[in-house]
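Colleague: Attaching a predicted model along with its sequence, questions to come.
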Amino acid sequence: MKKDSKPSLAARRDFLGKLGRVASCTGAVAGIAALAAIPGVSAKTESPAESGSFPTKDYDWTKHQWAFGVDAFKCIGCLRCVEACKRENNVMQDAHHFRTWVERYVYLEGEVSARVDSQQDPVNIEASGSEKEFRFANRYKDAKVDKAFFVPKLCNQCTHPPCVQVCPVGATYRTKDGVVLIDHDYCIGCRYCVQACPYGARLFNEEHGVSDKCTWCYHRITKGMQPACVEACPVGARIFGDRMDKDSAINLFIRNNRVQVLRPETGNAPNVFYIGIDKEVL
Amino acid sequence: MEQLLDIAPYVGWVYPNETVFTWSVLIAVYPYLTGLVAGAFTVSSLYQVFGFERLKPVAHLALLTSLCFMIFVPTPLLLHLGHPERAFNATLTPHWSSAMAAFGYFASFYVVLLILETWFAYRPYIVEQAQKRKDLLGKLYQVMTLGSYDLSEKSLRYDQKWILWLAITGIPAAHGLHGYVGFMYGSLKSREWWASDLMPVIFLFSAIISGVSLLVVLYVASCKLRKIPIDVACVKGLGYTIWAFIMVAIVLESLAFANLVYKGREGIEMIMEYVTGPLLIPYFLLQFAIGLMLPFLWLSYMIWRGTTGRALVIGVTISACLVLFSVFMMRWNVVIGGQEISKTGKGLLFYQPMIMGKEGLIVAAILCVAPLVALLGLARLFPPWVHGTVSSRVAAFSQQEEVKQHLLGIGAE
């Protein structure tokens, strides 16, 4: 059992010496890599996608820059958009998972802040009688209302998306044409992106164990169609189009109105433009 | 389907997708375990690097504790993932802008470091067991010698050098690992309750006090179990360590809270409603008053009065238990509390933890106890008390040398 002490010690020292050298080299490389990574780690990241005709032969994402408009003056809160979205995108049929939703703001006489609810509110669910169809309950019919309006919400497809920044595997990314997508086959389901979105636009699909979000119906818009919610809206409160097309509906909407975005102070630079919303809308 | 979801009741206005609770109790357990690792390693380093001789009785225990807890750190994360089988994607194709991406690297580096340091620290014991035992366990020890049976002074001095440098490297590694956990929360701008620049340091100091406290409890419990007298000087040393770090922890947490309130940014009304309502007991009473201030005052009193003996051991142990509880409450109040305040700043949610299920309370409790069970097993394989540390052996060599010189000197006369 006893081994000769000298060669053993020498061998071990040699081995450890080598190990040490490898470790220091790795350290140096890691240090340089870390320095190089700093610009990439900042919130203002570039899209990882390459240019060229992509994702299909018929569709070149460098030739489009999609944007979305919401005219809250027009919205009547019918929630056709929410139902259309759920059907089109196979979103879980319950009152806890939404790619898009509508908020109702009601200022009652004598009150300084708005009462806010959305279609998922238990009172509204009771009025609709189901978690698959949505209605706003007429809950303020006996109250004196000073001011009231509806605000459709959806993913803002931010230019600097915090959800993309925090994804540990790069399963979510921003396309060249300005839409934030998720690779559901790569998502590990850590939900860090759900936490990072200040708008509450991301959701988690427990059935598939992955994060989910509005894609502006990317499968439709890349074929020349409108997003399902835009098509379903009976009053034209949702406007969608290509910013690269000078006369597109969205460009006209942005040109003819004083538009605003939600939570501009976050630096996310959202791409859903609103008119007709009030100070309390976040 | 229903039992899969953590549906949270709410008041006020919350975004529709927020009604499903995103991060469960497991995500509170995760930083708790990481913190205990960092804290336990601090104790080991105080002895190995900074030469706190008083902490010698717990130096090896600290190392083993750190290792056992570190092995279990990834488990709450894996249980939480929607696709745990894809967890390695984060290491294979890390998305470097994510604070979470480096976890795999940090964690594996640290586990390797802990295993290496443990190996060096226990090498004399492993060699002795390998030579003495003839059973299956002897074979295991033989494998663990890695073919090196040299226990000469030179060889042990060499080992000691490695232990020192591994311990030195381990300090930024352990504390970096935990500071980074704090960064994961502090760097998010979506939640006012989390978005504090102080978050990483707060996490760090709470980690240190929790790890040192864990060692107090483990050390006292192990002495009781083994029916040996408790080394009061060691407990006093650990008590002093908790006392020193708890002050910083209290100051940092108070500063962060004061900043939040003083700046009074958007959503502060809801935060104030929350901390003075549902959070009043978990935050101010349990975490701050009972968990931090009481042990701090008690330790201060004992230091001032020069308490010693049984009273000191009881005082430090109870303080340690309170700190362990407080730090768990801190993790809970950060992780769960942060999500209970809606991103809208106009509503509050109420987390109702599931009891059963892979993210339930039972699993969370098991995960907190599992490292202790592992420690019990590992302590049988590598007893942290029977065997002297490498540095004490080296010191013994030096002493022998001095005695020899002395005797030679006498002989010459």
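Modeller: Right, received. Where do you want to start? Numbers count the residues shown, from 1 in each chain, chains lettered A, B, ... in the order given.

Colleague: Just give me the neighbour total for the residue of the stretch 51-200 of chain A at minimum distance from chain B.
Modeller: With CB to the nearest CB as the measure, residue A:189 is the residue of the stretch 51-200 of chain A nearest to chain B, at 2.0 Å. No exception for glycine: its C-beta is placed from N, CA and C like everyone else's. By the measure other CB atoms under 10 Å in any protein chain shown, the count of residues near residue A:189 is 21.

Colleague: Return the residues in contact with the residue nearest to it when sequence neighbours are not counted.
Modeller: For residue A:189, ignoring the flanking residues on the chain, the nearest one in space by CB to CB, 6 or more residues apart in numbering or on different chains is residue B:82 at 2.0 Å. Listed by CB atoms under 8 Å, 6 or more residues apart in numbering or on different chains, the contact partners of residue B:82 are A:187-191, A:204, A:206, A:208-211.

Colleague: In three-state terms, label residue B:82 for me.
Modeller: The assignment at residue B:82 comes out as coil when based on DSSP: H, G, I helix; E, B strand; the rest coil.

Colleague: so how far is stretch B:327-345 off the chain centroid?
Modeller: Computed by CA atoms, centre = their mean, to the nearest Å, the chain-centroid distance of stretch B:327-345 equals 20 Å.

Colleague: any bit of that stretch sitting next to chain A?
Modeller: Yes. If you take CB under 8 Å from any CB of the partner chain as the test, stretch B:327-345 does meet chain A, through B:339, B:343-345.

Colleague: can you confirm residue A:252 is in a helix?
Modeller: Yes. Counting by three-state DSSP, residue A:252 is part of a helix.

Colleague: where in the chain is pLDDT low?
Modeller: This is for chain A. Applying pLDDT under 70 to chain A flags residues A:1-53.

Colleague: Actually, chain B is the one I wanted.
Modeller: For chain B, the stretches with pLDDT under 70 are B:1-4, B:386-389, B:411-413.

Colleague: Can you tell me which residues in the stretch 151-300 of chain B are near chain A?
Modeller: Listed as neighbours of chain A in the stretch 151-300 of chain B under the rule CB under 8 Å from any CB: B:152, B:154-155, B:158, B:162, B:184, B:188-191.

Colleague: The residue of chain B found nearest chain A and residue B:358, how far apart?
Modeller: Evaluated by CB to the nearest CB, chain B has residue B:82 as its residue closest to chain A, separated by 2.0 Å. As judged by CB to CB, to the nearest Å, residue B:82 and residue B:358 stand 11 Å apart.

Colleague: What of residue A:248?
Modeller: Distance of residue A:248 to residue B:358, given as CB to CB: 48 Å.

Colleague: and these two? which has more neighbours close in?
Modeller: Under the neighbour definition other CB under 10 Å, residue A:248 and residue B:358 were set side by side, and residue A:248 has more, 19 against 14.

Colleague: can you confirm residue A:132 is in a helix?
Modeller: No. Counting by three-state DSSP, residue A:132 falls outside a helix, being coil.

Colleague: show me the contacts for it.
Modeller: Contacts of residue A:132 (CB under 8 Å, 6+ apart): A:86, A:93.

Colleague: Any figure for the gap between it and residue A:229?
Modeller: From residue A:132 over to residue A:229 the distance is 17 Å, taken as CB to CB.

Colleague: how about the strands in chain A?
Modeller: Here chain A has its strands, by DSSP state E, at A:55-56, A:59-60, A:66-71, A:101-108, A:115-118, A:145-153, A:172-174, A:180-182, A:203-205, A:210-212, A:238-242, A:272-275.

Colleague: hang on, the earlier thing: now, of the residues of the stretch 151-300 of chain B next to chain A, which are buried?
Modeller: For these, a neighbour count by 16 or more other CB atoms under 10 Å in any protein chain shown gives the buried set as B:155, B:158, B:162, B:184, B:188-191.

Colleague: Output those residues in JSON lines; the columns should cover distance to residue B:25.
Modeller: Shown next, in JSON lines, are these (distance: CB to CB, whole Å):
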{"residue": "B:155", "distance to residue B:25": "48"}
{"residue": "B:158", "distance to residue B:25": "46"}
{"residue": "B:162", "distance to residue B:25": "39"}
{"residue": "B:184", "distance to residue B:25": "17"}
{"residue": "B:188", "distance to residue B:25": "19"}
{"residue": "B:189", "distance to residue B:25": "25"}
{"residue": "B:190", "distance to residue B:25": "21"}
{"residue": "B:191", "distance to residue B:25": "18"}
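
Colleague: No further questions, thank you.
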